[in-house]
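Peer 1: A predicted structure for the sequence below; I have some questions about it.
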Amino acid sequence: MFVPVIGASAAEILILSGAGLAGLGAAFGVALAFASKKFQVEVDPRLEQITVLLPGANCGACGFAGCSGYAEALVKGTADIGICSPSSLQATAQIAGLLGKEAGEKEKVVAFLHCAGGKVSKRRFTYDGIGTCASAALIGGGDLACEFGCLAYNDCVRACPFGAIEINEIGMPRVDPQKCTGCGICVKVCPKNLFELVPANKTILVACSNTERGRFVRLICDIGCIGCFKCAKTCKYEAIEMKEGLAIIHHEKCTVCGECIPVCPKNIIHNFAEAGVPAQQESAEPPPEGNQS
Amino acid sequence: MDFGQIFAIIIGMIFVNNFVFARFLGLCPYMGLTKEMSSAIGMGMAVVFVMTLASMATWPVYRYFLDPFGLERILRTASFILVIAALVQFIEMVLQKVNPALYKAMGIYLPIITTNCTILGVAVLNIDTFYKDGKPLSGGFLGSIIQGFSAGIGFTLAMVLMASVRERMEMANIPKPLRGIPIAFITAGLMSMAFLGFSGLIKMT
C-alpha cells in the first residue's frame, strides 16, 4: 500500500486532490474559452448551406477535392456554378440563388458502354492475375479475343460512386440511366475507353467498338458489329456513319425513331432506355445471314 | 545530458522500444489510419507534434504541482489527461487560425489523438525515466522533450511501414475471413517480430 502524503489524514488527501484537479480544470477551461474567442475563424455561412445542397458524393467530376472543395471554390467565386453534373437542376438553381448569380442550362447526360459481350465473349488465354480491368489490359490489351471489347472485370462497377453500373445476367456491366448522373468517372476508369457520355434522350446506340471487317469479327465474337451497312442504309436521317467495319450512330442527328434496331442481323443496336438484357443475348445463336433486304 | 544519453534516447524510442511494435500502444489509429499512405503520414505528423508538446506541458505540471503536494500517484493519470486534452484543443484552435493549410493536412487527426494511449503513455514514460527515487534528474525536462519527439518519430515509422504494406495487400488475393483488420494484425505481429531484432540494445524502462 502506498502512502501518498506523509502524515495527512484521508479527508485532507481527498480535499487536496479534489480541489487540485478542480482548480486545474477550471484554469484550463477559462484559458480555452478565452482562446476560442481570440482565435475564432470567420466561416462564411453560405459555405454550410451550399455543402448541404450539393450531392455529397465527393466524386471529383467537378475537378475539386470533393464537394466541400467545390463549395469553398463557389463561395470564393473561383468556380462556375453549373459544373456539378450529379446535382439536380433544382439544387443548382438554389445554389445560384444563394450566390446571387444565374445558373447555366445543363443537359443531362448518361454513360453508355459500347460492348455487349460480357462473360460469353471468347477469350484468347486464361488470365489468372489481379482481377481488375486495368491489370488485365496491361497484358497485351487483355485476355479478350476481341482487342476492343469489355474485359468484364468490373472496374467500372466499383468506380461508380452512385452505384449506377450493375452486372447483368451474362456478366456484362450495364449502366442504369435512372441512377447515372453523367459524372464521367467510368469514362476515365475504363482502360479500353468503351464508355461514352450521351444525352439522356438519345437512347439508341451501337453496343460494339470493333472497327475490324466482318469476317474477322465473326471469328472472335458471335454478336459484334460486322459492318454490313444495313443500318446506315435504313436510317432516313443519315445519322449512322460507317467507320471502317463499325457502325456509329451520331446522336446529334438521331431522332430515336428505332428503325435501325430490327434491321441489324446481329441485334447489336441497343436502346438503353429499355430495361433488361437485350433479346439477342438470351440466345447465343446469331440469326442467319441474308434473309432480308 | 551528454550526447550519448540523447542518442540512446532517440534510437531507443524509434527502433528498440517502438511504441507500436514493442509497447503495443496506439493500435487504434495504427489499424484505422494505415489504409492509405497520406492519412498515415498526416497522423504521424500530428502524433509527433502532440507528443512533443505534451511532454513539454506535463513535465512542469508533475514537477511543480503534483510532486510538491505529494499527489503524484493519485492524480497523475487524471491530471495528465486533463492537461493533454486542453493542450490539443488549444493547438487545434491556434492552428486553424494561423495556418489553415497545415490544419487541412494534419489538423483533422488532432481530435483523434487527444486521449490516445500513446500520448498518455509518453507522458508517463517521461516521468518514469527521469525521476529517480522521487527526485527529478538534471536535464529531465530536455530529456522528456527529446523522448517525446523520438517516440512520435517511431510511431510515424510504424505507421508508414504498415501503410505501405497494406496498400499492396489491397491487390493481393487474401482469404475472405482474413481480409481487412485480421490480416493487418497478423502483419503487425510479423513486423513486431522483425523489430525484436533490436531488443536488448537499449534497456527498456
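Peer 2: Arrived safely. Numbers count the residues shown, from 1 in each chain, chains lettered A, B, ... in the order given.
Peer 1: quick one: buried residues of stretch A:123-138?
Peer 2: The neighbour-count criterion (16 or more other C-beta atoms under 10 Å in any protein chain shown) identifies A:127, A:132-133, A:135-137 as the buried residues of stretch A:123-138. Just so you know, the C-beta spots here come from the backbone N, C-alpha and C atoms, and that holds for glycine as well.
Peer 1: ok, the helix or strand harbouring residue A:23 near chain B or not?
Peer 2: Take DSSP states H and E as the rule and residue A:23 turns out to sit in helix A:10-38. Yes. Contact between helix A:10-38 and chain B, assessed by C-beta under 8 Å from any C-beta of the partner chain, occurs at A:13, A:16-17, A:20-21, A:24-25, A:28-29, A:31-32, A:35-36.
Peer 1: pipe the residues you listed into JSON lines and attach pLDDT and distance to residue B:97 per row.
Peer 2: JSON lines is the format used below for the residues of helix A:10-38 next to chain B (pLDDT from 0 to 100; distance: C-beta to C-beta, whole Å):
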{"residue": "A:13", "pLDDT": "79", "distance to residue B:97": "41"}
{"residue": "A:16", "pLDDT": "81", "distance to residue B:97": "38"}
{"residue": "A:17", "pLDDT": "82", "distance to residue B:97": "35"}
{"residue": "A:20", "pLDDT": "82", "distance to residue B:97": "32"}
{"residue": "A:21", "pLDDT": "86", "distance to residue B:97": "30"}
{"residue": "A:24", "pLDDT": "86", "distance to residue B:97": "25"}
{"residue": "A:25", "pLDDT": "90", "distance to residue B:97": "24"}
{"residue": "A:28", "pLDDT": "91", "distance to residue B:97": "19"}
{"residue": "A:29", "pLDDT": "92", "distance to residue B:97": "20"}
{"residue": "A:31", "pLDDT": "91", "distance to residue B:97": "16"}
{"residue": "A:32", "pLDDT": "90", "distance to residue B:97": "14"}
{"residue": "A:35", "pLDDT": "86", "distance to residue B:97": "10"}
{"residue": "A:36", "pLDDT": "84", "distance to residue B:97": "10"}
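Peer 1: buried among these? Make that a ChimeraX selection.
Peer 2: Selection of buried members from the residues of helix A:10-38 next to chain B for ChimeraX, criterion 16+ other C-beta under 10 Å:
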select /A:13,16,17,20,21,24,28,32,35
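Peer 1: looking at the residues of helix A:10-38 next to chain B, which is nearest chain B?
Peer 2: Closest approach between the residues of helix A:10-38 next to chain B and chain B, by C-beta to the nearest C-beta: residue A:28, at 3.8 Å.
Peer 1: give me the neighbour count for residue A:161.
Peer 2: Residues contacting residue A:161 under the criterion other C-beta atoms under 10 Å in any protein chain shown number 15.
Peer 1: show me what contacts it?
Peer 2: A:57-59, A:183, A:185 (C-beta atoms under 8 Å, 6 or more residues apart in numbering or on different chains).
Peer 1: for it, give its distance to residue A:86.
Peer 2: Distance, residue A:161 to residue A:86, by C-beta to C-beta, to the nearest Å: 8 Å.
Peer 1: give me the longest helix you can find in chain B.
Peer 2: helix B:140-169 (DSSP state H).
Peer 1: surely residue B:149 meets residue B:51?
Peer 2: Yes. Judged on C-beta atoms under 8 Å, residue B:149 makes contact with residue B:51 at a distance of 6.8 Å.
Peer 1: sorry, back to before: what's the offset of the helix holding residue A:23 from the middle of its chain?
Peer 2: With C-alpha atoms, centre = their mean, to the nearest Å as the basis, helix A:10-38 stands 54 Å off its chain's centre.
Peer 1: just checking, what packs against it?
Peer 2: helix B:72-98 (3 or more C-beta pairs under 8 Å, 6 or more residues apart in numbering or on different chains; DSSP states H and E).
Peer 1: mean confidence for the next helix or strand after the helix it packs on?
Peer 2: The helix or strand immediately downstream of helix B:72-98 is helix B:100-106, counting by DSSP H and E. The pLDDT scores in helix B:100-106 average 80.
Peer 1: so, in contact with chain A or not, the helix or strand just after helix B:100-106?
Peer 2: Once helix B:100-106 ends, the next helix or strand along the chain (criterion: DSSP H and E) is helix B:117-130. No. Residues of helix B:117-130 are not located near chain A by C-beta under 8 Å from any C-beta, the shortest gap being 14.6 Å.
Peer 1: next, the buried residues of helix B:117-130.
Peer 2: So helix B:117-130, judged by 16+ other C-beta under 10 Å, has buried residues B:117-127, B:129-130.
Peer 1: okay if I get those residues as CSV plus pLDDT?
Peer 2: Listed next are these as CSV, based on pLDDT from 0 to 100:
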residue, pLDDT
B:117, 86
B:118, 90
B:119, 92
B:120, 92
B:121, 92
B:122, 93
B:123, 92
B:124, 92
B:125, 91
B:126, 91
B:127, 89
B:129, 88
B:130, 87
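Peer 1: nearest to residue B:187 among those?
Peer 2: Distance to residue B:187 across these (C-beta to C-beta) is lowest for residue B:118, with 19.4 Å.
Peer 1: name the nearest residue to that closest one, ignoring sequence neighbours.
Peer 2: What sits nearest to residue B:118 in space, not counting adjacent residues and going by C-beta to C-beta, 6 or more residues apart in numbering or on different chains, is residue B:26, at 3.7 Å.
Peer 1: now residue A:157
Peer 2: Leaving aside its sequence neighbours, residue A:157 sits nearest to residue A:165 (C-beta to C-beta, 6+ apart; 4.8 Å).
Peer 1: for that neighbour, list the residues it contacts.
Peer 2: Here residue A:165 is in contact with A:111, A:156-157, A:173-176, A:186 (criterion: C-beta under 8 Å, 6+ apart).
Peer 1: neighbour count for these - can I get that in a markdown table?
Peer 2: Below are those laid out as a markdown table (neighbours: other C-beta atoms under 10 Å in any protein chain shown):
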| residue | neighbour count |
| --- | --- |
| A:111 | 25 |
| A:156 | 24 |
| A:157 | 17 |
| A:173 | 24 |
| A:174 | 24 |
| A:175 | 19 |
| A:176 | 15 |
| A:186 | 23 |
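Peer 1: which of those residues fall in helices?
Peer 2: Per DSSP H, the subset of these in helices is A:156-157, A:186.
Peer 1: skipping its backbone neighbours, what lies nearest residue A:203 in space?
Peer 2: Residue A:203 sits nearest to residue A:273 (C-beta to C-beta, 6+ apart), 4.0 Å away.
Peer 1: coming back round to it: neighbour count winner among residue B:149 and residue B:51?
Peer 2: residue B:51 (31 against 21).
Peer 1: next, the residue nearest to residue A:203: phi, psi?
Peer 2: Main-chain dihedrals, residue A:273, degrees, to the nearest 10: phi -70, psi -20.
Peer 1: ok, it to chain B distance?
Peer 2: As judged by C-beta to the nearest C-beta, to the nearest Å, residue A:273 and chain B stand 37 Å apart.
Peer 1: I'd guessed that residue sits against residue A:176; true?
Peer 2: No. If you go by C-beta under 8 Å, residue A:273 and residue A:176 don't touch, sitting 11.0 Å apart.
Peer 1: so residue A:166 touches residue A:176, yeah?
Peer 2: Yes. Assessed by C-beta under 8 Å, residue A:166 is found in contact with residue A:176 at 6.4 Å.
Peer 1: ok, residue B:79 - contacts?
Peer 2: By C-beta under 8 Å, 6+ apart, residue B:79 lies in contact with A:20-21, A:24, B:61, B:65-66.
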